[in-house]
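**Student:** can you look at this prediction? I've put the sequence above it.
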Amino acid sequence: MARAIERIERDIATLKEAIRAIAVELQTAYASYLATLGLAVRKQLILASYHLCTQGYPENFLHLSLNQRQQLQQAIRSLGQLTAEQLLTYIKSEEAVGDEGDVGDEGDEQNSSLSPLSPDTSNPIELAKWQQNLEEVTQEILKKISHDANLLLQKAGVLPKKLPEPILAAAAAAASEASAEVMPGPPNLLNLVIEIENEQQSEDSGLTQIMAINLRLGEIEFADVTLSSERRQIRSILVQLNKLGREYQKKHREMAIAEAEAAWRASWFED
């Protein structure tokens, strides 16, 4: 029995080494992916803003002065650049994150959600949680930049000011509701018709068309060949990790059984 346990221990040690190697590949792949994603997000944010200003609300945009237009464009560029920098932050070590400086309250909240930022790279369960958390943070960043961009556009007078902030915040969620009809349009723009009820003046209630920025990871990846390729590489690495993870769990199950059998024999005695 001791030999069986030693054999399983050797198998587990070999698996841990293989998992560590996969972890290095995964972290390297994500570092490259997030760097590319940051550039792609900046590009798609500018493109979506262009479509919204020129096709969604051209009259409102034309009412702005040249200086106002330039200020809006600069604010959008700055927002895209900040997002690109934030995406790189979450793949670095905790020490490197601290050296980046203050990224704002929202950045602090997202940092705290990645407190397994340095997982046990020999443990496939911890690696899987780290990867899932990183994907969730990425989605939250896209959601926040979309919301911040819409607020910039509304403050500048491009998006209608009559639309209350909660409507803008819930616009993306409304796309999946039965009360919302999604309209075809350019990528990374939410173009839908929703019903807004007015309790005081029921005659004002009715269908309202809304166009707003809604950056979506799938559309951003689709528009960028390099990003799509890096996503495929990540998927390939995850397939290998999942396979090793199943073997890892199987060996730990075998170890538990072998140790339990040894413990039974050690404590057993004949009456």
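**Tutor:** Done, it's in. Residues are numbered from 1 along each chain as shown.
**Student:** please make it C-alpha for all contacts and neighbour counts, starting now.
**Tutor:** Will do.
**Student:** hey, which helix or strand in the chain has the poorest pLDDT?
**Tutor:** The helix or strand of the chain with the poorest confidence is helix 94-99; it has a mean of 35 (mean pLDDT, DSSP states H and E).
**Student:** would you confirm that residue 216 contacts residue 141?
**Tutor:** No. Between residue 216 and residue 141 there is no contact under C-alpha atoms under 8 Å: 10.7 Å.
**Student:** the longest helix along the chain: what's the following helix or strand?
**Tutor:** Ranked by number of residues, the top helix in the chain under DSSP state H is helix 2-51. Elements were assigned by DSSP states H and E; along the chain past helix 2-51, the next helix or strand is helix 58-62.
**Student:** what residues sit buried inside whichever helix or strand comes after that following helix?
**Tutor:** Remark: after helix 58-62, the chain's next helix or strand is helix 66-89, criterion DSSP H and E. Buried positions in helix 66-89, judged by neighbour count with 16 or more other C-alpha atoms under 10 Å: 69, 72-73, 76-77, 79-81, 83-89.
**Student:** to the chain's geometric centre, what's the distance from helix 66-89?
**Tutor:** From the chain centre to the centre of helix 66-89 is a distance of 19 Å (C-alpha atoms, centre = their mean, to the nearest Å).
**Student:** what's the average pLDDT for it?
**Tutor:** Taken as a whole, helix 66-89 has an average pLDDT of 93.
**Student:** how much space between residue 236 and residue 26?
**Tutor:** 10 Å (C-alpha to C-alpha, to the nearest Å).
**Student:** my error: substitute residue 246 in the last question.
**Tutor:** Taken as C-alpha to C-alpha, the span from residue 246 to residue 26 is 17 Å.
**Student:** looking at those two now, which is surrounded by more residues?
**Tutor:** The residue with more neighbours, out of residue 246 and residue 26, is residue 26; 20 against 13, by other C-alpha atoms under 10 Å.
**Student:** settle this for me: the more buried one is touching residue 239, isn't it.
**Tutor:** No. Counting by C-alpha under 8 Å, residue 26 sits too far from residue 239 to count as a contact (11.0 Å).
**Student:** mind listing what's buried in stretch 229-245?
**Tutor:** So stretch 229-245, judged by 16+ other C-alpha under 10 Å, has buried residues 230, 231, 233, 234, 237, 238, 241, 244, 245.
**Student:** contact partners of that stretch?
**Tutor:** 15, 18-19, 22, 25-26, 29-30, 32-33, 124-125, 221 (C-alpha atoms under 8 Å, 6 or more residues apart in numbering).
**Student:** just the buried ones from the residues you listed?
**Tutor:** Judged by 16+ other C-alpha under 10 Å, buried ones among the contacts of stretch 229-245: 15, 19, 22, 25, 26, 29, 30, 33, 124, 125, 221.
**Student:** give the contact list for the third one.
**Tutor:** Looking back up the chat, that one is residue 22. 237, 240, 241.
**Student:** could the buried residues of stretch 229-245 go into CSV alongside secondary structure?
**Tutor:** As requested, the buried residues of stretch 229-245 are arranged in CSV below (DSSP: H, G, I helix; E, B strand; the rest coil):
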residue, secondary structure
230, helix
231, helix
233, helix
234, helix
237, helix
238, helix
241, helix
244, helix
245, helix
